[in-house]
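Chemist: I'll drop the sequence and a predicted model, then ask my questions.
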Amino acid sequence: MSESHEQQGGEPACWLHQVCEECGKVREDASRTACEHCGHDPVTPRPVPAAAARSGPSRRRDRDPEGRARNARPRDGLGRPLPYGQEGVERQPEGVVRTPDESLDEAQQLLDDGMPFHAHEVLEDAWKTAPEAEAPLWKGLAQLAVGITHLARGNTTGGARLLLRGTANIDPYRSSAPHGIDVAGLADWARTTAGEANGPAGTGSSGTGSSGTGGTGMGAADTRGAAERPPAAPRLRAGTARPR
């Protein structure tokens, strides 16, 4: 018997779990423990200055009850790490089991509120608990939300790629449109938005800055000081009104 998509684990729905906790860029090389952009290595402990060693115990890495590493570092509204001690935006609770309608309604509200990172967390939960026949659909929706997140971060190249990958996952459901999801409308919107991001009006930024890493262009641009606005939220289901 083959394992379910949840048992297999497989690739993350959208790569947001591969964001470097230090520089906020997306790590592409899974064979390395250190970030190829800034060199931060979450596995190798940093040297502790003598003064800090004398002042008391250092901050311990946050771990879940099973001992797996997790990141309690505060994050901004687009999911990027903030300095410890700075107030961040509360994340969505993980592992919540929702009905498809609840997932779509909550994700739509978050998208409308300009919180695509949080919408991706809701849709990723839905992907992890979806039946096999619908898993690619929910995975694709999560990828669309993360594509919007990267566009809002200023990473137009990575955002466009994720929109197109999400489109490839949802396209097979165009005729059936499970749960009233507007697959055709979402796919058309994603292709148009990706084209605009990579076109003459878009910057095509890979977010690699001066690091010279080049490559796939999936790094997140450092636009934290700029006024950021995600693209207009798409309608997950046809007939839902846009916010005024």
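Modeler: Done, it's in. These figures come from a predicted structure and were not determined experimentally. Residues are numbered from 1 along each chain as shown.
Chemist: quick one, domains of the chain?
Modeler: 17-40+73-90, 95-199 (the TED database).
Chemist: Comparing these by mean pLDDT, which bottoms out?
Modeler: Of all these, mean pLDDT reaches its minimum on domain 17-40+73-90 (a mean of 73).
Chemist: highest average neighbour count across the domains of the chain?
Modeler: domain 95-199 (a mean of 21; mean count of other Cβ atoms under 10 Å). C-beta coordinates here come from the backbone N, C-alpha and C atoms, glycine included.
Chemist: ends of that domain, how far apart?
Modeler: Start and end residues of domain 95-199 are separated by 38 Å (Cα to Cα, to the nearest Å).
Chemist: Check stretch 121-136 too.
Modeler: This stretch, stretch 121-136, spans 16 Å end to end (Cα to Cα).
Chemist: Serialize the domains of the chain to TSV and add fields for distance to Arg237.
Modeler: TSV is the format used below for the domains of the chain (distance: least, Cβ to Cβ, whole Å):
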stretch	distance to Arg237
domain 17-40+73-90	24
domain 95-199	5
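Chemist: What distance do you get for Gly77 to Ala184?
Modeler: 30 Å (Cβ to Cβ, to the nearest Å).
Chemist: Which residue, other than its chain neighbours, is closest to Arg191?
Modeler: Counting by Cβ to Cβ, 6 or more residues apart in numbering, Arg191 lies nearest to Thr167, which is 6.1 Å off, once chain neighbours are set aside.
Chemist: Apart from its chain neighbours, what residue comes closest to Leu137?
Modeler: Of all residues not flanking Leu137 in the chain, Tyr173 sits nearest, at 5.0 Å (Cβ to Cβ, 6+ apart).
Chemist: what's the spacing between that neighbour and Ala194?
Modeler: 19 Å.
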